[in-house]
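Chemist: dropping the sequence and predicted coords here.
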Amino acid sequence: MTPSLNTLSWVTSANGHSDFPLHNLPVGVFSRNGLTKRGGVAIGEMIFDLRAALEAGFFNGAARDAAEAASRDQLNDFFALGSPARRALRTELLHLLDHASPQLSRLQPLAETLLHPMADCVMHVPARIGDYTDFYVGIHHAMNVGKLFRPDNPLLPNYKYVPIGYHGRASTICISDTPVKRPNGQTLAPGATVPEFGPTKRLDYELEMGVWIGPGNAMGEAIAIGDAAEHIAGFCLLNDWSARDLQAWEYQPLGPFLSKSFATSISAWVVTAEALAPFRMAQPLRPVGDPQPLPYLFDAGDQQGGALDIELEVLLLTQTMKGQGMAPQRLALSNTQNMYWTVAQMVAHHSVNGCKLQPGDLLGTGTLSGPHTGQFGSLLEISDGGKTALTLPNGESRRFLETGDEVIFRARCQREGYASIGFGECRGVVLGA
């Protein structure tokens, strides 16, 4: 199901495309003037219209059923069908979009109906998200933040036994390019005993991956760790916007609330588990002395191939930089290898008490920082809790985000012998309160 490195598409913009070559084929939901919301597939700079392809008779059998579900105005029904449907659709798309497709003589005359320029389309949140859970599996971020607030005890004892998570707010998950309004809330100034109300002064981003749930489980039934991969439909980029001063005041004893629930941005395209198969790897070994996972969280196959090698990048473009015609400035380069727990372990733990996971639910990984400077996935870490200002190439400085700042996430999968694929971008501009 992974084409050879040099396989080309008749959609010429896909050939050599940094994110969406023929080898990727992520799914999403889009609209365009004159067209209702519908499912499509990213191929180069174009969107392949699944509904138009169905109407033209390009799918049969299991692929047709999968395409019909994926062509709707939400991907929940497609996610519910599981991996057999994803594989059937992917196999047929690879045949249809290959430069030597047997259907080429039928496809090319219909190109204007089947293909829409991405620049002319509006992307939408790809599924109706019933529930959103944010995990905390980036151990370096957990350590870095722990050192800021608990220097003598940065990592609490449960971290290495439990994939820590909390329930987030699905209603404010928004698609890339949606502006983010600076939130109001309570904060406690240093030395004060009474909180004040107003806009956050410490607005931050968090570099995360999003995980889309597939078929899911019935209430009261756990998903076994060995079966968890069958319930993972795909992945996206996720920015867990955070108001650090609100968070510092409210998080004890129950964790974050208003400091997180005001906005979560995601990238538009769902990169499927099948597209990521070449970029799987063994879960990094735990340091000597760390406990091994409890049996319900351990599966040999997951340890051998359940981790992912995805390069993650954060960039910042201030309003002044934009006015000066400057390019965004990279703030961090990290990798999903910095996850202490695998995605399968997250799914298994989430459901082990009988909690029902449903198609279209979204999980966040938590901030995926690396261990070194230049790999930190939040300004909280970069600025050492606001103590040290970051200086940008034009002389501006930042401890936290200012109005007009645009945060950009990108991700890339690369491996010798395989075509590189990406996720598109997850962008958001900060608006005033």
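Modeler: Done, it's in. Residues are numbered from 1 along each chain as shown.

Chemist: and the longest helix along the chain, what's buried?
Modeler: Longest helix in the chain by number of residues (criterion: DSSP state H): helix 83-97. Buried positions in helix 83-97, judged by neighbour count with 16 or more other C-beta atoms under 10 Å: S83, A85, R86, R87, A88, L89, R90, E92, L93, L94, L96, L97. Using the backbone N, CA and C atoms, a C-beta is placed for each residue, glycine as well.

Chemist: can you give me the strands for the stretch 251-400 of the chain?
Modeler: 264-266, 271-272, 280-281, 307-308, 311-317, 329-335, 362-364, 390-391, 397-398 (DSSP state E, counting those that start in this stretch).

Chemist: any chance of the ones you listed in CSV, with mean pLDDT, mean neighbour count and distance to T113 too?
Modeler: Shown next, in CSV, are the strands of the stretch 251-400 of the chain (pLDDT from 0 to 100; neighbours: other C-beta atoms under 10 Å; distance: least, C-beta to C-beta, whole Å):
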stretch, mean pLDDT, mean neighbour count, distance to T113
strand 264-266, 99, 27, 29
strand 271-272, 99, 26, 25
strand 280-281, 98, 15, 36
strand 307-308, 99, 20, 36
strand 311-317, 99, 21, 35
strand 329-335, 99, 19, 40
strand 362-364, 99, 27, 32
strand 390-391, 98, 12, 48
strand 397-398, 98, 14, 47
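
Chemist: ok so, going back, now, among the buried residues of helix 83-97, which is nearest to C355?
Modeler: S83 (21.7 Å; C-beta to C-beta).

Chemist: pretty sure the closest one sits against H231.
Modeler: No: look at S83 against H231 with C-beta atoms under 8 Å: they stay out of range, at 9.2 Å.

Chemist: pLDDT at N15, what is it?
Modeler: Looking at N15, its pLDDT stands at 98.

Chemist: relative to A62, how far out is the nearest residue to F279 once chain neighbours are set aside?
Modeler: Closest residue to F279 apart from its sequence neighbours, by C-beta to C-beta, 6 or more residues apart in numbering: C413 at 4.2 Å. Applying C-beta to C-beta, to the nearest Å, the value for C413 to A62 is 27 Å.

Chemist: more neighbours: which of the two?
Modeler: C413 (24 against 16; other C-beta atoms under 10 Å).

Chemist: how about the residue in this structure that sits furthest from its center?
Modeler: What lies farthest from the middle of the chain is T193; by C-alpha atoms, centre = their mean that is 38.7 Å.

Chemist: remind me which helix or strand it belongs to.
Modeler: If you go by DSSP states H and E, T193 is not part of any helix or strand.

Chemist: just H116 next, same as before
Modeler: Assigned by DSSP H and E, H116 falls in strand 115-117.

Chemist: before we move on, back to that, so which of the strands of the stretch 251-400 of the chain is nearest G323?
Modeler: It's strand 311-317; of the strands of the stretch 251-400 of the chain, that one is closest to G323 (C-beta to C-beta) at 10.5 Å.

Chemist: return the list of strands paired to the closest one, each annotated with direction.
Modeler: In the sheet, strand 311-317 lines up against strand 329-335 (antiparallel), strand 406-413 (antiparallel) (DSSP bridges).

Chemist: ok so, going back, list the contacts of the residue nearest to F279.
Modeler: L276, P278, F279, L308, D309, I310, E311, S420, I421, G422 (C-beta atoms under 8 Å, 6 or more residues apart in numbering).
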